[in-house]
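**Q** predicted model and sequence below, questions to follow.
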Amino acid sequence: MTARIRPDLDNFPTYVPGKSFPGAFKLASNETTSGPLPSVASAIAEAAAGVNRYPDNTNLALRDALSESLGVGTDRIAVGCGSVSLCQELVQIAAGPGDEVVFPWRSFEAYPVVTQVAGATPVPVPLTPDHAHDLDAMAAAVTDRTRLIFVCNPNNPTGRALTAAEITSFLDKVPSHVLVALDEAYFEYVRPGGDAGETIADGVALAEGRPNVVVLRTFSKAYGLAGLRVGYAVADPSIVAALGKVHTPFAVNVVAQAAAVASLAAADELLARTDQVAAERTRVRDALLTAGYDVPESNGNFVWLPLGEKSQGYASASADAGVVVRAYGADGVRITIGDPHENDAFLVFASGAGLDIAKS
Ligand code: PMP
């Protein structure tokens, strides 16, 4: 007889990571293509020599470095094993059975998973027809059971960004006892103009004076440390203290902490790389628009093709053509912006066999 586990797990979605195939270009997981800078690689090597010791469970060196770079007190910073673990911890501190967690949908795959793992009820709010958050509908979805709202800016996987004014007016509508997580995993890729507005929405500034607002960021994307798993939250000290209570002890390892500190010290060089990604994003989108695709504006390191029912067939044909992209149900396909030759390989597919599928 198998052991008895929670029967409700049978109904949970399982997080599906991007696939990879030997020899194919992987444009499926929003990773950066460059390895660590020499300064970061040597910090990693140095830290690796000390892995017989437990890490600092308070992540103090990293929190101090973040405090300096963000201009907020160390007591307002929590560090997690990737920002996904902070998403989970936020649900754990805010919601349990009978409570509701509101999030846009389609959005980051982990929101419904972490909500259900905590026994809370997911309240997905459909995006607008042009693939952006429907903030009015999200505000209207708040009930007296709502404990947490995720806002994903820019939205993964559609790429659409919110302006500071849009977020502010949303926050004004949400009762101040409801926690709001501004998930800014792709913050460093946002560029002014268009979708994002003339002044980029910076969650840390928007959260000023709003103790119910938490900002989530990560070292996995622009800082290129996806494999080491470090993310952080900027929040009211009371929220940081609560996160500490549900945190798995020593979840952020010695090497990850050292690499994140070294990456912050090299922020100028790492952030300069995001300019290349933003330029490639424009080039790829323009090429796709020219080919006849509908491509929403993106402020992430990816673009979105809303291909509906054709999404799965499109992604598997792309993989057959040597470029792994990611299909999301019957909604669309997300293509990570890679190096120019990788993007070119995708564009060759997209303007040939891919276009036939998209237009069929
Ligand atoms: N939030 C969003 C919107 C994401 O897309 C991701 C990664 N796919 C994360 C959070 C989590 O990133 P990590 O755990 O690597 O920090």
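**A** Structure received. Numbering: from 1, shown residues only.

**Q** pLDDT at residue 67, what is it?
**A** For residue 67, the model assigns a pLDDT of 98.

**Q** and for it, the neighbour number?
**A** Counted with other Cβ atoms under 10 Å, residues neighbouring residue 67 total 17. (Glycine included, C-beta is placed from N, CA and C.)

**Q** where does it sit, in terms of helix or strand?
**A** Using DSSP states H and E, the element containing residue 67 is helix 60-70.

**Q** tell me the strands beside whichever helix or strand comes after that helix, with direction?
**A** Per DSSP H and E, the first helix or strand lying C-terminal to helix 60-70 is strand 77-80. The strands beside strand 77-80 in its sheet (DSSP bridges) come out as strand 231-234 (antiparallel).

**Q** would you map the strands across the stretch 51-200 of the chain?
**A** 77-80, 100-105, 121-126, 146-152, 179-183 (DSSP state E, counting those that start in this stretch).

**Q** contact partners of the longest one?
**A** It refers to strand 146-152. The contact list for strand 146-152 (Cβ atoms under 8 Å, 6 or more residues apart in numbering) reads 87, 90-91, 94-95, 99-104, 107-108, 111, 120, 123, 133, 135, 138, 142, 162, 167, 170, 174, 178-183, 185.

**Q** again, only using 7 Å
**A** Defining contact as Cβ atoms under 7 Å, 6 or more residues apart in numbering, one finds that strand 146-152 is touched by 90-91, 94-95, 99-104, 107-108, 111, 133, 138, 167, 174, 178-183.

**Q** and for the residue of the stretch 51-200 of the chain found nearest the ligand, nearest residue in space, chain neighbours not counted?
**A** For the stretch 51-200 of the chain and the ligand, the shortest gap (Cβ to the nearest ligand atom) falls at residue 82, measuring 2.5 Å. Nearest residue to residue 82 in three dimensions, chain neighbours excluded: residue 229, at 4.3 Å (Cβ to Cβ, 6 or more residues apart in numbering).

**Q** circling back: contacting residues around the helix holding residue 67?
**A** 73-74, 77, 79, 204, 232, 234, 257, 260-261, 264, 267.

**Q** list the buried residues of it.
**A** Neighbour counts over helix 60-70 (16 or more other Cβ atoms under 10 Å) mark 62-63, 65-67, 70 as buried.
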